[in-house]
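> Provided below for reference: sequence and predicted model.
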Amino acid sequence: MIKFTILILLLGMTGSCLAEEDDFTSKSNETTTQEVKTLPMPGSLSPGWWGYFAQTGEILERRRQEAQQKYTQLIKQIPDKTLQATAQHHIDKFVGNLQILQELSIAEADYQKESAPDNFKERYSIEEWLTFATYLQSEKIDVDNQTLRFNRERNEVKLIAKRINNLLLAYMEQKGNRDKKLLPGLEMMEARSSNAVREAQLKLDKQTLAAQRIQLNRLLAFSEVITVRLFADQSALQTIEQALQQLAIQQSQIKIHLSQEQSETIGLLGKNPLQRAQARLDDQEVTNALITDAIIMIKIASLNAEKDLAILLLDDKRQPMSVLQESNEQRIKLSAQLKLKVAAWRTDTTNEMSQVQTSILALALDNNSQQLKKIYKQRIKLTQQALADLKQFELERDKLAILITEIENRIAQQSGNLGIMVNWSGNVLGSLKTDVIAWWIEPLFQIGDTPVSAFGLVRVILIIIFASIVSAMFQRLLLRIAERKDMEGSRASALYTVGRLAHYLILLIGIIIALSSIGLDFTNLALVAGALSVGIGFGLQSIVNNFVSGLILLFEGTLKVGDFIEIESGVTGLVKGINVRSTLINTNDNVDMIVPNSVLVSNRVTNWTLREVNRRIHVPFGVAYGTDKNLVKKAVLEAASRVRFTHQSKRGEMVQCWLVNFGENSLDFELVVWINQEAVRKPGTVHAAYMWEIETSLSDYGIEIPFPQRDLHIRSVFGNSTPNNTDAPSE
């Protein structure tokens, strides 16, 4: 009784919440339903124009006739016949909606159901209880469906009301005279009156739903009484045993029939249309036989459940509770297994019916296919029978579910308080599991026409993570290959390029598969293009620019991982990675610089190792005037030969010493030398090494490195006047 009382209170609270939430016509529209005394004209509507028609009875009828007469006269002034016809259509719809509103205002909720009886019997048999419980369950489902439909309609009415308000704002801001605003005003009036009809119908639906809830509360109270007065005797057990024997005979017969049908369908798939149609007919006969067998199985399970319930009512101690509990669990498993099979049969049968109907339409003009048409008609008849049997299966399965629940409750009651707690916990956990599963698959939002649930979002994330893992494993494999083969720089950079492109490709495929898994249609690229354009418009230009620049760097090959480059700012370093947005450059001071890819594409970049690993450098130095230049050349060439960075080439890449300039204080020379691959990436170290050896060689040969010199000529003599300065004044 406690559970029943709580259930009644919850239903009552739900009804009161429904009454509070659905009073939208008196709250959300109170600003637009105030009394208006004059007929609103379509070309000059005010914000409260609908208040003139928000009436009932004779007032609404009189105003409807007035609107029809004056609006019809008004549109006769429109010179364009096409626009005049369009305006007349809007007026007819508007006036028709007012007529419907008048009829709905005097209508009452039409809900007539058989009320629960007030007089109770002393005892109720299992069959009587089961009949009423099945009816009660159908009423619950009906109320739930009506509630969902009502909530959906209510939300749609609210959305349309918001759209109408937006239309009214746009109408009020529209510039022009009344003639230009006439047609938009009529369109808005039609839309508002249509939504008013939906609001009025929603009021009646609300009253009907409230009556259904009251009826459901009465039925629940009656069900509680029936359950308490439920009884069984030995004659009920005998009746159940006889019914079980009859079902066992039917089951054996259907098994034999099923085996025959399955054996006849083996190898019957032919090549011509007639043979294929006959094969599909035989397959459908097998499906119908399987459905019939499932119905018999569920009926046998229900009868066994009735038998166990009767044993519990008789309090027969010869049957242990553990055995009854185990039998009940087996029935639960059987019901779940058959539910999956039935879902597959329903899908196959629905597809079969659609295919047959299409084929019949294709053969409508063919008079030479009478035999094929006959087979198609038989297939249609079988699919219709199958769908009817599936509905019967659902009814039998609901009946079994009621029996299973009652048996669990009876077992828990006879097991004491601990059993009641265990049963209650099981029911709560089962309900929680059902709610979680329902939330898991319930749509959270929509992308276009595609609903997206929490399960779909998690699936998308998992697929993208899996694609990232696959990409990382592939890049790691390429890295190991490069390390084992000890590849040169060009081959290693090629493997890196392959790895990056494969990374982008794998991620792209993963994203496409992930989004396709939730039903997103990629054939309609307008949605994707629109989202991309909006994203770029809100600040993704830089990201897209850098991403495309990175692809250009990878495909063009002028900049690879392992190259030593110098960017326009003068920074030099080794390219460590070309990523989605930026390129990583490591300088010789072990400083990592992150340079946007677009900078490397649009600005000047010097690649010191693009095609040749060797390069030539110029090391400037100076000696004093009067020094033997041949001696200088000899000393410098010896110095260059001692440096380990000097490249020894057979192609004439010789070390040279050039006299390049007569400076202010020295003869300016340059050591022109080719350096090897190791030295290319160490410009500072290489320059210091050559300068060191040049200074050593010049010192060994006694060649002077001059200092800057300046000559100072002093022309005044202390104590003597300047000879040429005859005009100098005397002290």
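Nice, I can see it.
> give me phi/psi at the residue nearest to Thr56 when sequence neighbours are not counted?
For Thr56, the nearest residue in space outside its immediate sequence neighbours is Ser105; the separation is 4.3 Å by CB to CB, 6 or more residues apart in numbering. C-beta: built from backbone N, CA, C; applies to glycine. In this entry, Ser105 is assigned phi and psi values of phi -70, psi -30 (degrees, to the nearest 10).
> what strand or helix carries the most centrally placed residue in the chain?
Centroid check for the chain by CA atoms, centre = their mean gives Val452 as the closest residue, at 5.0 Å. For Val452, the enclosing helix or strand under DSSP states H and E is strand 450-453.
> same thing with Gly499?
Element membership for Gly499, per DSSP H and E: helix 489-517.
> can you confirm Leu659 is in a helix?
No - the assignment for Leu659 by DSSP: H, G, I helix; E, B strand; the rest coil gives strand, which leaves it out of any helix.
> I figured it hits Thr627, correct?
No - under the contact definition of CB atoms under 8 Å, Leu659 does not touch Thr627, with a separation of 10.9 Å.
> distance between stretch 467-487 and the chain's centre?
Its chain's C-alpha centre and that of stretch 467-487 lie 32 Å apart, by CA atoms, centre = their mean, to the nearest Å.
> scratch that, stretch 683-701
Computed by CA atoms, centre = their mean, the separation of stretch 683-701 from the middle of its chain amounts to 67 Å.
> repeat for stretch 125-134
Averaging C-alpha coordinates over stretch 125-134 and over its chain gives two centres that are 46 Å apart (CA atoms, centre = their mean).
> tell me the pLDDT at the residue nearest to Thr56?
Note for Ser105: predicted pLDDT of 78.
> from Val228, how far out is it?
Taken as CB to CB, to the nearest Å, the spacing of Ser105 relative to Val228 amounts to 46 Å.
> same check, this time on Glu670
As it turns out, when the distance is counted by CB to CB, Glu670 lies 113 Å from Val228.
> and the two? which has more neighbours close in?
In this comparison of Glu670 against Val228, neighbours counted by other CB atoms under 10 Å, the higher total goes to Glu670 at 17 against 11.
> now do the helix or strand harbouring Trp674: which elements does it pack against?
Trp674 belongs to strand 667-675 when assigned by DSSP H and E. Under the contact definition 3 or more CB pairs under 8 Å, 6 or more residues apart in numbering; DSSP states H and E, strand 667-675 sits against strand 615-623, helix 629-642, strand 656-662, helix 683-700.
> okay, buried residues for the third one please.
Of the residues in strand 656-662, those buried by neighbour count under the rule 16 or more other CB atoms under 10 Å are Gln656, Cys657.
> still on that earlier bit, list the helices and strands the helix holding Gly499 packs on?
Contacting helix 489-517 under the criterion 3+ CB pairs under 8 Å, 6+ apart are the following elements: helix 454-485, helix 541-556, strand 572-578.
> the helix or strand following the shortest one vs helix 541-556, what angle?
Secondary structure here is assigned by DSSP H and E; on that basis, the next helix or strand after strand 572-578 toward the C-terminus is strand 582-586. Counting by axes from the mean of the first three to the mean of the last three CA atoms, to 10 degrees, strand 582-586 points 60 degrees away from the direction of helix 541-556.
> show me what strand 582-586 pairs with in its sheet, parallel or antiparallel.
Here the strand partners of strand 582-586, with direction, are listed using DSSP bridges: strand 572-578 (antiparallel), strand 592-596 (antiparallel).
> mean neighbour count added to those strands, as CSV?
As requested, the strands paired with strand 582-586 are exported to CSV (neighbours: other CB atoms under 10 Å):
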stretch, mean neighbour count
strand 572-578, 18
strand 592-596, 15
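> thought Thr606 was touching Ile565?
Yes - Thr606 sits in contact with Ile565 when judged by CB under 8 Å, with a separation of 6.3 Å.
> ok, these two, which is more surrounded?
Comparing Thr606 with Ile565 by other CB under 10 Å, the one with more neighbours is Ile565, at 22 against 12.
> helix, strand or coil for the more buried one?
Following three-state DSSP, the label given to Ile565 is strand.
> look up the closest residue to it, ignoring the ones flanking it.
According to CB to CB, 6+ apart, the nearest residue to Ile565 is Asn607 (5.1 Å).
> can you report how many residues lie near the one you found?
Counted with other CB under 10 Å, the burial measure for Asn607 works out to 14 neighbours.
> next, give phi and psi for it.
phi -100, psi 110.
> which residues touch it?
Taking CB atoms under 8 Å, 6 or more residues apart in numbering, we find Asn607 in contact with Thr558, Leu559, Asp563, Phe564, Ile565.
> list the contacts of the last one.
With contact taken as CB under 8 Å, 6+ apart, Ile565 is in contact with Leu559, Thr572, Gly573, Val575, Ile585, Val605, Thr606, Asn607, Trp608.
> distance of it from Ala133?
In this view, Ile565 and Ala133 are 82 Å apart by CB to CB.
> what angle separates the helix holding Gly499 from helix 454-485?
Interaxial angle, helix 489-517 versus helix 454-485 (the same axes, to 10 degrees): 170 degrees.
> distance from helix 489-517 to the middle of the chain?
Going by CA atoms, centre = their mean, the spacing between the C-alpha centre of helix 489-517 and its chain's C-alpha centre is 23 Å.
> since that was my last question, I'll sign off now.
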